[in-house]
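Participant: Fold the stuff below for me.
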Amino acid sequence: MLPVVDFYFFSPTGGTKKAGELFCKSIARNINYIDLTVPKSNYGEAKSDVAVFAAPVYAGRIPGIASERFSKINGQGKKAITLVAYGVRGYDDALLELNDLASASGFSIVASGALIAQHSIVKEVGAGRPDAKDAEAIQTFGENVLQKLSASTFGEFVVPGNRPYREGMNVPFSPISLPHCIECGFCTFACPTNALQKFNGLNTNVDTCILCMACVSKCPRNARALPTHLQDSMNQKLLELKNSYLDNQFFL
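Facilitator: The predicted structure is shown next:
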């Protein structure tokens, strides 16, 4: 086991953090949590020679704001493991994109994983994931990664994806406040892009919103939701996947 690992994660609704944390615990006794979800000018100092990157998948890509924050980390030749979390539908170019970001930032990528997590918009898809079976598979992956880290040299590997990457997600709508909203402000602090502002009521900047659902998941009164027509559209597209059980994918 490593004494400590640096865990860089972007996780608006907590699923990516949960999946990535399982992996971190499989390789290190201590975790240095570096939350890229929260807007900051400085995310703190690295404490380990090994970093773990974890990001969610939005329509087959890494969210643009997450890419921007990951790209500011200076790898300095350190080793990295990259992870993406997705809600069953697919991860398309996201893992390749994250690996490109890590490589461009000066990290040497040792291994990668595509982990299943509960879908952030249609929660019936991937419900309960990561589960006990996932945890066992991630534990085994972690053991294999430790073996690779202990080797004097290690070979390269290939992850799925294409360059140029597929077009990013277009967000024409954003979550709305329901009538029982009391404007407590929890959602404004949860938003990773500062898209929510309290000014003559609670206002959402659609141009800044990335549809991450942080404001919905963190509202203590369940007073945030997608517009009904948008939620219905997402349900129609994804509910057919609610009984699909995909295994995690690992690349060494």
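
Participant: From now on I want contacts and neighbour counts done on CA atoms only, so please keep to that.
Facilitator: Noted.

Participant: can you give me the helices in the stretch 51-200 of the chain?
Facilitator: Taking DSSP state H, counting those that start in this stretch as the test, the helices found in the stretch 51-200 of the chain are 64-70, 94-104, 132-150, 186-190.

Participant: Quick one: residues contacting the closest residue to Gly126 other than its chain neighbours.
Facilitator: Leaving aside its sequence neighbours, Gly126 sits nearest to Gln118 (C-alpha to C-alpha, 6 or more residues apart in numbering; 4.2 Å). Gln118 is in contact with 15, 86-87, 124-130, counting by C-alpha atoms under 8 Å, 6 or more residues apart in numbering.

Participant: Quick one: buried ones out of those?
Facilitator: Among the contacts of Gln118, those buried by neighbour count (16 or more other C-alpha atoms under 10 Å) are 15, 86-87, 124-127, 129-130.

Participant: Just put those residues in TSV and tack on pLDDT and distance to Leu246.
Facilitator: Output for the buried ones among the contacts of Gln118, formatted as TSV (pLDDT from 0 to 100; distance: C-alpha to C-alpha, whole Å):
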residue	pLDDT	distance to Leu246
Gly15	97	16
Tyr86	98	11
Gly87	96	10
Glu124	97	14
Val125	97	11
Gly126	97	9
Ala127	97	12
Arg129	97	10
Pro130	98	11
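
Participant: Lys25 belongs to a helix?
Facilitator: Yes: judged by DSSP: H, G, I helix; E, B strand; the rest coil, Lys25 forms part of a helix.

Participant: Neighbours of it, how many?
Facilitator: 18 (other C-alpha atoms under 10 Å).

Participant: Could you do Ile34 as well?
Facilitator: Ile34 has 17 nearby residues by other C-alpha under 10 Å.

Participant: what do you get for Pro56?
Facilitator: Neighbour count for Pro56, taken as other C-alpha under 10 Å: 34.

Participant: In TSV: the contacts of Gln118, plus distance to Ile65.
Facilitator: Listed next are the contacts of Gln118 as TSV, based on distance: C-alpha to C-alpha, whole Å:
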residue	distance to Ile65
Gly15	17
Tyr86	17
Gly87	19
Glu124	26
Val125	25
Gly126	24
Ala127	26
Gly128	27
Arg129	25
Pro130	25
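
Participant: thinking again about what came up before, against Gly128, how distant is the residue nearest to Gly126?
Facilitator: Distance of Gln118 to Gly128, computed by C-alpha to C-alpha, to the nearest Å: 6 Å.

Participant: low-confidence ranges in the stretch 101-250 of the chain?
Facilitator: Scanning the stretch 101-250 of the chain for pLDDT under 70 picks out 200.

Participant: what ranges do the strands span in the stretch 1-150 of the chain?
Facilitator: Per DSSP state E, counting those that start in this stretch, the stretch 1-150 of the chain carries strands over the ranges 2-9, 28-35, 50-56, 79-86, 108-116.

Participant: and among those, the most buried is which?
Facilitator: strand 50-56 (a mean of 27; mean count of other C-alpha atoms under 10 Å).

Participant: Give me the sheet partners of that strand and which way each runs.
Facilitator: strand 2-9 (parallel), strand 79-86 (parallel) (DSSP bridges).

Participant: Point out the one among those strands that comes closest to Asn162.
Facilitator: Shortest separation from Asn162 across the strands paired with strand 50-56 is recorded for strand 79-86, at 15.7 Å, computed as C-alpha to C-alpha.

Participant: Which residues does the closest one contact?
Facilitator: Outside strand 79-86, the residues touching it (C-alpha under 8 Å, 6+ apart) are 15-16, 19-20, 49-58, 91, 94-95, 98-99, 102, 107-119.
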